[in-house]
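K.L.:
Here's a sequence, model it:
(one chain, ligands or ions: 1)
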Amino acid sequence: MGKKGEVKLIGTWVSPFTLRTRIALNLKSIDYEFLEEKAGTKSDLLLESNPVHKKIPVLLHHDRPICESLIIVQYIDEVWSSGPSILPSDPYDRAVARFWAAYIDEKWFPALKTIRFTKVPEEIEKKLNEMREGLSLLEGAFVECSKGKSFFGGDQIGYVDIAFGGLLAWLRVREKNYSVSLLNATATPNLAGWAERLCAHPAVKDVMQDPDKLIEWVQINIDKLQQAPPAK
Ligand SMILES: N[C@@H](CCC(=O)N[C@@H](CS)C(=O)NCC(=O)O)C(=O)O
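P.N.:
Got it, this is the predicted structure:
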């Protein structure tokens, strides 16, 4: 769906936030041109399109930019209403979905992101525990949102599936980095089943990153990454 050139996405294959938007576009069967940024550089198009944050992803729809992954996902849901709905139709369910997506970004993701900036064992353990506690809350959120079905969104992939699913491969990277298992059938049985179903879904399987390839990418780009200031 969509005319050639109508939809473009500025991003990178490694970016968890870009992945969110790719899943949403796939769910709605939208054709898009993927404009890949190079590691460690920002194209003029990116800087012009997102002058405030200067971050990927940016969706260009008829050359008009939309920034911030979750805002892009909501935009996609509103513009292409013909495909499956991403946000729940019930206002209460919609509020709950938005709550958990905000929790994931504001409370859970920072530990996953910032753990790589410390080498102090106690600090690492503290961050891993923050991730574990968050996953335990998200295990409960899955039970609440899915209502016994396959995804947070019910029978279909929805907003929380996309918000959390975008970060899944990087969670697997951290598990490998620190030789721990955080999301598994014992600690988080519902999320373990969810993760398998999500990765096998047609809208996800071709764009979900391979954690081993991400680790390789980090090794190749380590110098460029070290220049990045620790956020939060
Ligand atoms: N809140 C933003 C986060 C986007 C983000 O952090 N993007 C990273 C790549 S995954 C980025 O562009 N980093 C470059 C920078 O921070 O300068 C969203 O949801 O889109």
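
K.L.:
Give the other helices and strands that the top helix by length along the chain contacts.
P.N.:
Determined from DSSP state H, the single longest helix within the chain is helix 121-146. When contacts are defined as 3 or more C-beta pairs under 8 Å, 6 or more residues apart in numbering; DSSP states H and E, helix 121-146 packs onto helix 91-103, helix 109-114, helix 159-165, helix 189-200. For glycine as for every other residue, the C-beta is placed from the backbone atoms N, C-alpha and C.

K.L.:
what does the chain have sitting close to the ligand?
P.N.:
15-17, 54-57, 68-70 (C-beta under 6 Å from any ligand atom).

K.L.:
now the residues you listed: which count as buried?
P.N.:
Among the residues of the chain next to the ligand, those buried by neighbour count (16 or more other C-beta atoms under 10 Å) are 15-17, 55-57, 68-70.

K.L.:
Tell me which of the residues you listed fall in helices.
P.N.:
Assignment to helices by DSSP H places the following of these there: 16-17, 69-70.

K.L.:
of all the residues you listed, which two lie farthest apart?
P.N.:
Pairwise distances across these (C-beta to C-beta) peak at 11.9 Å, for the pair P16 and L70.

K.L.:
Mind listing what's buried along the helix or strand where L9 lies?
P.N.:
Using DSSP states H and E, L9 sits in strand 7-11. Going by neighbour count (16+ other C-beta under 10 Å), the buried part of strand 7-11 is 7-11.

K.L.:
Given that strand, what are its sheet partners and their directions?
P.N.:
As defined by DSSP bridges, the strand partners of strand 7-11 come to strand 33-36 (parallel), strand 58-61 (antiparallel).
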